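Q: Provided below are the primary sequence and the corresponding predicted coordinates.
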Amino acid sequence: MSESVAVARAAARAGPADQARFAALEPRRKLQLALALVWLLDGILQFQPWMFSKAFPQMLADSAQGNPAVLAAPITWSAGLIGHHLTVLNALFATIQVALGLGIACRASVKYALGASVAWSLGVWWFGEGFGGVLAGTASPVNGAPGAVILYALLAVLLWPADTDPADTDPGAPFVAGRAVGRRAAQALWLVLWGSLAFFSLTPASRAPQAISGTISAMAAGEPSWLAWIDSHAASALAHQGLAASIVLAAAFGIIAAGIYASARSVIIAALVMTVALWLAQGLGGIFTGMGTDVESAPLLALIALAFWPSATAAEAASATASATASEAGAA
């Protein structure tokens, strides 16, 4: 008997609630594959010639600036180590990221790869991004706060695959992210993430007269003409408007943060629109400049938003579970 026939017969024997749970896992797998693709792209970007130059460890060393000494010293040390063994270590870094992408793409290794991606993300967040500038006072949503790489770890948690025992998941959660950690925990993580973006929008790194404008303008160097045109004109429009722009950003992020408890679908759409605007402001992460190390935070925020998209299958699963419970209660 072929495996596909066996799976089909098993699905036929399953009850409506089990079938709904099985169907509800599919959106999660699609998001896992999207995350795998991003890891693969990051690995490819890490293989760029610029990453094998002395500019790469210097960029890492610069991330130590402004951080407490106890955190900055290891960053400086690791940057020095990478500078002395640049070719070998950078090739290793790139290979690890490619391996993470391939591991997440393979069903048999997805859990191991997601777990490894959490550990790798935390390490890179410290030694590669200097905690995204959160402790240095330079964090802004426009420059990728709270650090793009920490969002990989969050996605790994939210997209963690379900165990074979349905009791270990939350089939009644109305979105993919809630099935791994539970609906309330997922909503709390959403609130913290987007609430932090609202907070970082109001820090001096964002509200100074030329802060947002200067950040966007700096992204234009080396970009394709069409993208450089967008960033240059956006920077010009926001010149000396740092405070007003930061207030608008903070209000938008705050509404998105709290809105997850109200109208989920409209909030997710608003979040996706914001991520598109952010990615353009971030110069698409510099992926066309030869110096981009990753895709930046905006695409990861978009994946997180999609993990909260209301799922019809989840509602059906919840309804089927409730019906089954009612039937059992009636029979008793």
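A: Structure's in. What do you need?

Q: and the residue nearest to residue 112 when sequence neighbours are not counted, how many residues sit next to it?
A: Distances taken as Cβ to Cβ, 6 or more residues apart in numbering put residue 103 closest to residue 112, at 6.3 Å, once the chain neighbours are dropped. Placement of C-beta: from N, CA and C, glycine included. Neighbours of residue 103 under the rule other Cβ atoms under 10 Å: 20.

Q: Distance-wise, check residue 280 relative to residue 235.
A: Note on residue 280: its distance to residue 235, by Cβ to Cβ, to the nearest Å, is 11 Å.

Q: higher neighbour count, these two?
A: Per other Cβ under 10 Å, whichever of residue 280 and residue 235 has more neighbours is residue 235, with 20 against 16.

Q: And the nearest residue to that one once chain neighbours are set aside, its phi and psi?
A: Of all residues not flanking residue 235 in the chain, residue 217 sits nearest, at 3.8 Å (Cβ to Cβ, 6+ apart). Phi and psi for residue 217, reported as degrees, to the nearest 10, are phi -60, psi -40.

Q: ok, residue 217 - how many residues close by?
A: Residues near residue 217, counting by other Cβ under 10 Å: 18.

Q: That one reaches residue 232, doesn't it?
A: Yes. Residue 217 is within contact range of residue 232, at 6.7 Å (criterion: Cβ atoms under 8 Å).

Q: returning to that earlier point: per-residue confidence for the residue nearest to residue 112?
A: Residue 103 carries a pLDDT score of 97 in this model.

Q: Tell me the spacing between it and residue 161.
A: Residue 103 sits at a distance of 12 Å from residue 161 (criterion: Cβ to Cβ).

Q: Identify the contacts common to those two.
A: Applying Cβ atoms under 8 Å, 6 or more residues apart in numbering, one finds that residue 103 and residue 161 are jointly contacted by residue 110.

Q: dump the residue contacts of residue 96.
A: By Cβ under 8 Å, 6+ apart, the contact set of residue 96 is 43, 120.

Q: Can you classify it as helix, strand or coil?
A: Assigned with DSSP: H, G, I helix; E, B strand; the rest coil, residue 96 falls in the helix class.

Q: quick revisit: and the residue nearest to residue 112, what element?
A: Using DSSP states H and E, residue 103 falls within helix 86-105.

Q: Flag every buried residue along that helix.
A: Of all the residues in helix 86-105, those buried under the rule 16 or more other Cβ atoms under 10 Å are 86, 89-90, 93-94, 96-101, 103-105.

Q: In contact with the residue nearest to residue 47 when sequence neighbours are not counted, which residues?
A: Counting by Cβ to Cβ, 6+ apart, residue 94 is the residue found nearest to residue 47 once chain neighbours are left out, at 4.7 Å. Each residue near residue 94 by Cβ under 8 Å, 6+ apart is listed here: 43, 44, 46, 47, 51.

Q: Let me see the contact set for the residue nearest to residue 112.
A: Shown in contact with residue 103 (Cβ under 8 Å, 6+ apart): 36, 109, 110, 112, 113, 116.

Q: Redo those residues as TSV? Include distance to residue 243.
A: Formatted as TSV, the contacts of residue 103 follow (distance: Cβ to Cβ, whole Å):
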residue	distance to residue 243
36	40
109	48
110	45
112	47
113	43
116	42
